[in-house]
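Peer 1: dropping a prediction and its sequence here:
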Amino acid sequence: MTQTLFDAYFPLILWTSLGLLCFRFLPQTLPRLLGRSLYWVGIPIEILALARQTDFSQSIALPPFITFTALLLGLGVAVLCLKIIQRLAFLPMAAALTSPAIQGSFILAAVLGNTGFVGLAIAPAFIDHTYLNWIVFYSLTHNLIGTYGFGVFIASYFARETHQNHWWVQLRDVLTVPTLWTFLLGYLTRNIELPSSIESGLQASIGIVIPSAFLLTGMRLAQLRGWKSLKLAIIPAMLKVVVIPGLVGILTTLCLGLSGDRRLAMVLMSGMPSAFAGLIFAEEYNLERELVASCIVVSTILLLLVLPLWLFLFQ
């Protein structure tokens with residue numbers, strides 16, 4: 001387990017640290033430019049490559065259903081937690097959470113998980129190969145419905161004033177997400193052989209996008225205002241890595257009768273750290289970037305602490 005965690009976290013620590021150290025020597029506009037480039041170009045190309053690699057012939061319905069349920073559960077818990085904190089006016093963080101930009105970032109960080117970069121790197125090491133497709137379909141469903149469905153809708157909603165919000169505005173933003181269209185393109189062309197230069201270029205894009213996302217995280221971490229930013233991130237990080245996967249484990253046991261590796265796969269994937277996509281959405285929709293970056297750090301550290309607990313309880 002130690003070696004698996006090291007292999008998964010070494011590139012994260014390396015590139016994030018590089019972004020953290022180099023930020024002071026870079027233009028102040030670079031983080032936003034990098035974030036928008038990842039949103040419109042980098043991640044869509046990566047999803048195109050992954051869609052062409054995925055074996056859809058072994059499709060199973062239960063993991064996508066659990067993924068969708070976990071997303072709804074996370075959204076409900078995050079909104080409920082926000083409402084409770086706002087009513088407790090004596091808490092220092094209650095005043096900060098009145099800002100729509102911070103509310104949007106809070107929900108994004110608590111709901112969206114890094115099921116791709118970190119999830120697909122860690123979870124397979126603890127799951128029998130028979131159930132690896134459960135992990136793949138969880139990640140795929142989470143990225144398409146969660147990240148580029150729920151995520152875009154939430155970011156778009158909280159990026160606008162209340163009087164400017166209409167359901168068709170959020171629907172338009174979801175339908176114009178480039179990643180959805182590149183996934184569809186990858187799915188439809190997965191049996192078409194492309195020239196080797198294009199195919200190798202698509203695969204190489206994965207090796208560029210992931211370090212770029214880590215670099216962006218490091219740059220945003222360099223702008224954090226000490227403990228204040230990290231303190232606000234503790235609650236959404238706890239929801240993402242501890243509360244939601246714990247509920248998923250309990251509900252899949254009681255309601256679906258799952259056990260063993262199938263249950264563990266769903267718990268691990270639902271408990272991945274806050275997604276880097278949340279930071280990219282914060283850049284694109286001008287939400288609170290510091291909160292998302294802080295949640296990524298706190299939730300990543302928490303994962304290292306709770307992973308042995310999930311293995312003990314749900315394996």
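Peer 2: In hand now; what should we look at? Residues are numbered from 1 along each chain as shown.

Peer 1: could you point out which element follows the helix or strand harbouring residue 48?
Peer 2: Element membership of residue 48 [criterion: DSSP states H and E] is helix 43-53. Later in the chain than helix 43-53, the nearest helix or strand by DSSP H and E is helix 62-87.

Peer 1: that next one packs against which elements?
Peer 2: For helix 62-87, the elements it packs on are helix 92-96, helix 100-111, helix 132-141, helix 227-238, helix 244-254, helix 260-270, judged by 3 or more C-beta pairs under 8 Å, 6 or more residues apart in numbering; DSSP states H and E. C-betas here are computed from N, CA, C, even on glycine.

Peer 1: at 6 Å instead, please
Peer 2: Packing partners of helix 62-87 (3 or more C-beta pairs under 6 Å, 6 or more residues apart in numbering; DSSP states H and E): helix 100-111, helix 132-141.

Peer 1: that helix to helix 227-238, inter-axis angle?
Peer 2: Between helix 62-87 and helix 227-238, the angle comes out at 140 degrees (axes from the mean of the first three to the mean of the last three C-alpha atoms, to 10 degrees).

Peer 1: related to what we said a few turns ago, any idea which of the helices and strands packed on helix 62-87 is most buried?
Peer 2: Mean neighbours per residue, mean count of other C-beta atoms under 10 Å, is largest over these for helix 100-111, with a mean of 26.

Peer 1: on that earlier part again, a markdown table for the helices and strands packed on helix 62-87, including mean pLDDT and distance to residue 279?
Peer 2: Shown next, in a markdown table, are these (pLDDT from 0 to 100; distance: least, C-beta to C-beta, whole Å):
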| stretch | mean pLDDT | distance to residue 279 |
| --- | --- | --- |
| helix 100-111 | 92 | 9 |
| helix 132-141 | 82 | 18 |
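
Peer 1: I'd like those helices as a markdown table, with distance to residue 233 appended.
Peer 2: Shown next, in a markdown table, are the helices and strands packed on helix 62-87 (distance: least, C-beta to C-beta, whole Å):
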| stretch | distance to residue 233 |
| --- | --- |
| helix 100-111 | 7 |
| helix 132-141 | 24 |
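
Peer 1: for the residue nearest to residue 21 when sequence neighbours are not counted, give me its contacts.
Peer 2: Of all residues not flanking residue 21 in the chain, residue 218 sits nearest, at 7.6 Å (C-beta to C-beta, 6 or more residues apart in numbering). Going by C-beta atoms under 6 Å, 6 or more residues apart in numbering, residue 218 touches 16, 19-20.
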